[in-house]
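Visitor: pasting a predicted model and its sequence here:
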Amino acid sequence: MNSRIFKLVTPVLFIVFFVVFKVAVFTQQQVTLQQQVVQIEKRIALDLPRLDLSNIFLKHSGNSAAITSYIERLNEEIPSSIVRVNTIGDISISNGVTPHIEVIKKQLLTSDSNVSVIFFIEHRFWQLRDVFAALLCTLIAGAFGFWAVTIERSKLGIISARKEAEQKALPEPLKLVVDLNTKTLANNHTPTATVALANKPLCFYLALIEFCIENPDVLLNQNKNVPEELIEIANKYFYRLIELGHTIRKRPNFTNSLEKTLSEIRAALDEVLIDYPESKDIYYPPKAHGEGSRSRLHSYGLNQINCNDIEVIGK
């Protein structure tokens, strides 16, 4: 779960939690209001014989002040401020009805008349409990979103650790290591098992590798002259050996005794790659097989090698 999903989930959860809460509160409120109205109605019914109400049949005007005082005392005793008794008989304490006031009218039967009782129910969209509910829903939604993100990050961490462990468990790809400082060949799996190589085959082999990496489709035939570019690269490596203090002799002729040079290279590679015969196709200058036209088509180029297969130290 990324940050975008988290931003979407949190408000959605908040809305869901808050709607559920409001529905539950509204339902409970309706039940409570009905119970309160019934209780107040019973209370008024019991008090009716003592109330000095007007009676048209008996031509009695009643005591309006006493009825008003009774209604006010009764409202003070009601635990909820939402329900209010507004009218008993023909005596009302308020004539103003606002849009958020619901009017409930009840009829109480006496021995000689019907007495109407009017309740005012005030519906408030926002109450103090709603503020706390909103805060609670926000905390729950935020906690859920944080939990979801934590779980997702934990999963990603486990996957990443597993991939890292798998990568560490996999053996490092084989690589030929050529050290110009010691004029030796080795492989990165057994770097201490080194094989020394003379100046000429060493420089020619490095030049052959570099030339074939740059020209992977080239055909190098022993019956033809060695490309000038390859010779220039071999001379570059020979001059580097001079700089490292390995020789003060003149540079060798890399075009002479080519088969001997390639044989010395193959012999050194036999020792370096003795445990990795499957890698010979990458590093070995191919040998010619057969005579005549077949040998003339032979190429000693390394057409499978790339820069990741070799490491040159002291270049």
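Guide: Received, thanks. Residues are numbered from 1 along each chain as shown.
Visitor: assign the residue lying closest to N306 once chain neighbours are set aside to helix, strand or coil.
Guide: In this structure, N306 finds its nearest non-sequential neighbour in I213, 6.1 Å apart by Cβ to Cβ, 6 or more residues apart in numbering. To be clear about C-beta, it is placed using only N, CA and C from the backbone, and glycine gets the same treatment. Under DSSP: H, G, I helix; E, B strand; the rest coil, I213 falls in the helix class.
Visitor: quick check: pLDDT value at I213.
Guide: On the pLDDT scale, I213 is placed at 90.
Visitor: do I have it right that it meets I305?
Guide: Yes. Using Cβ atoms under 8 Å, I213 is in contact with I305, at 6.3 Å.
Visitor: between these two, which is the more surrounded one?
Guide: Set I213 next to I305 and count neighbours by other Cβ atoms under 10 Å: I305 wins out with 19 against 15.
Visitor: circling back to that earlier point, R162 versus the residue nearest to N306, what's the distance?
Guide: In this view, I213 and R162 are 35 Å apart by Cβ to Cβ, to the nearest Å.
Visitor: and the gap between S299 and K287?
Guide: 11 Å.
Visitor: which of these two has more neighbours?
Guide: S299 (16 against 11).
Visitor: who touches that one in this structure?
Guide: Going by Cβ atoms under 8 Å, 6 or more residues apart in numbering, S299 touches V218, L219, L220, N221, P286.
Visitor: next: S80.
Guide: T32, L33, Q36.
Visitor: can you select the buried ones from those residues in PyMOL?
Guide: Of these, the buried ones go into a single PyMOL selection, burial set by 16 or more other Cβ atoms under 10 Å:
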select buried, resi 33+36
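Visitor: just the closest of the contacts of S80 to S279, please.
Guide: Nearest to S279 out of these is T32 (Cβ to Cβ; 84.7 Å).
Visitor: and that closest one, how far from E76?
Guide: On the measure of Cβ to Cβ, T32 and E76 end up 19 Å apart.
Visitor: what of T182?
Guide: Relative to E76, and taking Cβ to Cβ, T182 is found at 104 Å.
Visitor: these two: which is more packed in?
Guide: Legend: neighbour count by other Cβ under 10 Å for T182 and E76, higher for T182 (14 against 7).
Visitor: now do the contacts for the closest residue to that one other than its chain neighbours.
Guide: Once flanking residues are discounted, T182 sits nearest to T194: 6.9 Å by Cβ to Cβ, 6+ apart. With contact taken as Cβ under 8 Å, 6+ apart, T194 is in contact with D179, T182, T184, L185, A186.
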